[in-house]
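Chemist: okay, sequence plus prediction incoming.
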Amino acid sequence: MGTRRVDHKRLVHDFSSTVRDASADDIGALLTEYYHENADWQGPAPVGKLDGVDAITTGFWEPLLTSVPDLQKNEYVLFGGSFDGAEWVCTTGRFVGTFERDWLDIPATGGPIWIQYGEFHRLEDSRIVETRTIFDVLDVIHQAGFRVLPSLAPEVVAPGPSTQDGVLLDDCDQESSDRTLQLVEDMIFEGLHSYEEAGLEGMGMEEYWHEDFMWYGPAGIGTTRGIDAFQACAQGPLLEALPDRRGGNHISRIAEGNYCASTGWPSVTATHTGSGWLGLPATGREVEMRVIDVWRREGDLLAENWVFIDIIDLLEQLDLDVFDRLRTHPMSLR
């Protein structure tokens with residue numbers, strides 16, 4: 001198992017390293033070296049679901065490399081694990097390059113761009129057979145100078161782990177991995193799920209988080225430091241807007257060493273009954289949230305959390321079509 005997992009991690013890492021030398025003309029050939037021809041690829045709106053290497057090539061990679069021809073795919077977290085009998089590799093990082101041509105109807109700036117991403121890959125027989133990825137499309141829109149939403153906290157280019165040890169290409173200590181997974185599961189299924197009975201202040205986040213932990217959220221929410229700021233800017237507004245939310249619906253939840261990650265498609269379901277979150281009034285709508293979470297444990301507590309949410313898809317469920325506004329009324333977003 002250990003050797004197979006190492007091989008899977010190195011395959012995913014090699015793909016990311018090789019992308020920097022790829023172009024829109026040859027990315028399809030590169031994908032066939034790493035992906036199964038019938039691979040299932042699911043990303044955020046407006047890209048969505050792509051079936052098979054040809055669709056992944058034309059639906060995502062060719063447009064991205066045409067728009068950002070000098071693209072680099074820089075990982076700062078990479079690790080693997082098994083969930084429900086399947087082998088997964090999780091990576092987190094950023095695409096970096098020059099935004100030379102429009103992408104997804106977002107006007108090019110001609111300058112540098114950072115696209116923050118999280119992704120899960122399921123592998124079989126040394127090929128990627130499934131990818132679930134969320135890249136921060138709303139942040140790209142904001143970088144291009146169009147302000148769709150006010151942010152609850154500062155929007156930053158999230159750094160990698162402060163310990164600079166997030167790319168785990170070799171085997172890791174199983175005891176450490178189990179300890180990390182247990183802490184995250186306790187936080188999710190005991191701490192976060194206690195909101196209905198205990199309220200925000202009674203959820204006991206100090207049992208799971210370092211006092212000054214860093215929470216790197218998506219555009220529209222932003223980045224916070226410490227439990228108080230996290231509850232004020234991220235957790236509190238979310239729980240007030242979606243008080244009946246039901247989370248933990250994961251298709252993968254893995255840990256290795258000090259790192260853990262989970263994803264669900266959707267991960268959270270809820271009713272939008274509270275106002276103010278993301279600057280929107282309550283709609284009463286049933287909503288779903290696609291989420292990727294990545295955590296780093298330090299000692300007995302969690303020290304860093306990178307969070308990816310398909311915000312564009314969520315806004316569409318609340319009747320806010322970001323790309324329609326960008327196409328038809330761009331000046332209203334300046």
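Modeler: Right, received. Where do you want to start?

Chemist: which helix or strand in this structure has the lowest average pLDDT?
Modeler: Taking mean pLDDT, DSSP states H and E as the measure, the helix or strand of the chain with the lowest value is helix 195-198, at a mean of 48.

Chemist: ok, residues contacting the helix or strand following that one?
Modeler: Downstream of helix 195-198, the next assigned helix or strand under DSSP states H and E is strand 209-216. Strand 209-216 has contacts (Cβ atoms under 8 Å, 6 or more residues apart in numbering) with 156, 158-159, 162, 187, 223-227, 230, 234, 298, 301-307. (C-beta placed from N, C-alpha, C; glycine too.)

Chemist: check contacts around residue 273.
Modeler: Residue 273 sits in contact with 241-244, 282, 284, where contact means Cβ under 8 Å, 6+ apart.

Chemist: what do you get if the cut-off is 6 Å, keeping everything else the same?
Modeler: residue 282 (Cβ atoms under 6 Å, 6 or more residues apart in numbering).

Chemist: backbone dihedrals for it, please?
Modeler: phi -110, psi -10 (degrees, to the nearest 10).

Chemist: and for residue 32?
Modeler: Dihedral angles (degrees, to the nearest 10) for residue 32: phi -70, psi -20.

Chemist: what sits closest to it if chain neighbours are left out?
Modeler: residue 53 (5.7 Å; Cβ to Cβ, 6 or more residues apart in numbering).

Chemist: just checking, that neighbour touches residue 38?
Modeler: No - using Cβ atoms under 6 Å, residue 53 is not in contact with residue 38, being 8.0 Å away.

Chemist: higher neighbour count, those two?
Modeler: residue 53 (21 against 9; other Cβ atoms under 10 Å).

Chemist: how much space separates that one from residue 30?
Modeler: Going from residue 53 to residue 30 by Cβ to Cβ, to the nearest Å gives 10 Å.

Chemist: what does residue 166 give?
Modeler: From residue 166 to residue 30 the distance is 24 Å (Cβ to Cβ).

Chemist: try residue 211
Modeler: Using Cβ to Cβ, residue 211 is found at 45 Å from residue 30.

Chemist: more crowded one of the two?
Modeler: Using other Cβ under 10 Å, the more surrounded residue of residue 211 and residue 30 is residue 30, with 17 against 11.

Chemist: for the helix or strand containing residue 11, buried residues please.
Modeler: Per DSSP H and E: residue 11 is located in helix 2-19. The neighbour-count check on helix 2-19 (16 or more other Cβ atoms under 10 Å) flags 5-6, 8-9, 11-13, 15-16, 19 as buried.
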